[in-house]
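Visitor: the sequence and its predicted three-dimensional model are supplied below.
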Amino acid sequence: MAGTAVTPTRMVLNQLKGRLKTARRGHKLLKDKRDELMRQFMDVVKENKVLRERVEEGLTGAFASLQVASAIMSPEMLEQALLYPRQSVELDMKFRNIMSVNVPQYSFTTRNNDPSEIYPYGFAQTSGELDDALDKMGRVFEDMLKLAQVEKTMQLLAEEIEKTRRRVNALEYVMIPELEQNIKYITMKLEENENSTKVRLLKVKEMVLQDAHNFK
Amino acid sequence: MLKIAVIGGNDTVIGFKAVGLEACPASNAAEALQVLRDLTREGSEYAIIYIEEKLAQQISHEIDKHKDSPTPAIILIPGREGSLGLGQNALKEAVERAVGTNILGD
């Protein structure tokens, strides 16, 4: 703003012009970044929505089966049956770079690859519903993992977009107008100085001539 | 190697235990908070933590702390009583944060 003291000199003017140029370029770059992030973000959101619904549906089904199983079997039996899991999952995490945002990517390995091997109990003392519940659980698990990945990606992208959006707006509505205003102020001040110098010179010339030749 | 944990009521986590996830039973919010803090300590090897909606609701302040860091991912899952819609809420929140308004229209 013109209120903040800028010294109206040619050097400051040049500096300000340089800064304005940088600000404009930064603004354009950030705007492009924001747009691309937004595009990616919308894809992720859509994927997340689908996965979320599928996981919730799958889990509800699995829990229902488990409920039935626990109604048929005694709680002690159920606990005993599931006490030592035969299956274990090992997770591996890599990072993927989306527009300089690091998002996690999971891949997992299970100890038992054979789906019929996951039951940690003998079939004699447990009910079929429990098998059913575990089967459903095993199937929904893969989607759950994907959901975790997508949801985290979404959160990280949202944060980055928020940050970028703020920067774009700060440049567009504060930095750039302020610089422009200052440049205008200095240009006008310099012109004014120039004018007064010119007038003064004319005046001095008149006086000198009058002195020398006694002009009237 | 990284691990996956599930925090929830005893009935909820027992099923996940069978498919190879680490089960962390917690019967109330205070316990859940304690467990979550333990799991998210510095140098922890848990990359994904699933947490039951009902419990998550009460300790959301702790969960929000991890929102902006790449690990761990804390994901809400419905409990035995079915979905409370909080998971969908997280989606809406993220959209609102990024766009400024809710553009999904629900």
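Guide: Received it, and whenever you're ready, just let me know what you need. Numbering: from 1, shown residues only, chains lettered A, B, ... in the order given.
Visitor: neighbours around A:N195, how many?
Guide: By other Cβ atoms under 10 Å in any protein chain shown, the residues close to A:N195 number 10. Any C-beta I mention is one placed from the backbone N, CA and C, and that applies to glycine too.
Visitor: show me what the helix or strand containing it is packed up against.
Guide: Per DSSP states H and E, A:N195 falls inside helix A:176-213. When contacts are defined as 3 or more Cβ pairs under 8 Å, 6 or more residues apart in numbering or on different chains; DSSP states H and E, helix A:176-213 sits against helix A:10-72.
Visitor: got the phi and psi for A:E159?
Guide: Per-residue torsions, A:E159: phi -60, psi -40 (degrees, to the nearest 10).
Visitor: skipping adjacent residues, who's closest to it in space?
Guide: B:D68 (5.0 Å; Cβ to Cβ, 6 or more residues apart in numbering or on different chains).
Visitor: so where's chain B shaky on pLDDT?
Guide: Chain B contains residues with pLDDT under 70 at B:104-106.
Visitor: now the residue positioned nearest the centre of chain A: closest residue in space, sequence neighbours ignored.
Guide: For chain A, the residue nearest the mean C-alpha position is A:E160 (1.9 Å; Cα atoms, centre = their mean). Spatially, and ignoring its direct neighbours in sequence, A:E160 is nearest to A:V101 (4.7 Å; Cβ to Cβ, 6+ apart).
Visitor: quick check: beta-bridge partners of that neighbour?
Guide: Beta-bridge partners for A:V101, by DSSP bridges, are A:I98.
Visitor: hmm, it is touching A:L157, no?
Guide: Yes - look at A:V101 against A:L157 with Cβ atoms under 8 Å: they come within range, at 6.0 Å.
Visitor: give me the common contacts of these two.
Guide: Taking Cβ atoms under 8 Å, 6 or more residues apart in numbering or on different chains as the contact criterion, the common neighbours of A:V101 and A:L157 are A:L37.
Visitor: more neighbours, those two?
Guide: A side-by-side neighbour count of A:V101 and A:L157, using other Cβ under 10 Å, places A:L157 first with 25 against 20.
Visitor: rewinding a little: so how far is B:A56 from the residue nearest to A:E159?
Guide: The spacing between B:D68 and B:A56, counted by Cβ to Cβ, to the nearest Å, is 17 Å.
Visitor: off-centre distance for stretch A:71-81?
Guide: Taking Cα atoms, centre = their mean, to the nearest Å, one finds the center of stretch A:71-81 at 46 Å from the center of the full chain.
Visitor: could I have that stretch exported to CSV, CA atoms only?
Guide: Extracted in CSV, the C-alpha atoms of stretch A:71-81 (Å, rounded to 0.1, in the frame of the first residue of the first chain):
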residue,chain,number,x,y,z
ALA,A,71,-25.3,-67.1,19.5
ILE,A,72,-24.8,-70.8,18.6
MET,A,73,-21.5,-71.3,20.3
SER,A,74,-20.7,-70.4,23.9
PRO,A,75,-18.5,-67.3,24.3
GLU,A,76,-15.7,-69.3,25.8
MET,A,77,-15.7,-71.7,22.9
LEU,A,78,-15.7,-68.9,20.4
GLU,A,79,-12.8,-67.2,22.1
GLN,A,80,-10.9,-70.4,22.3
ALA,A,81,-11.5,-71.1,18.6
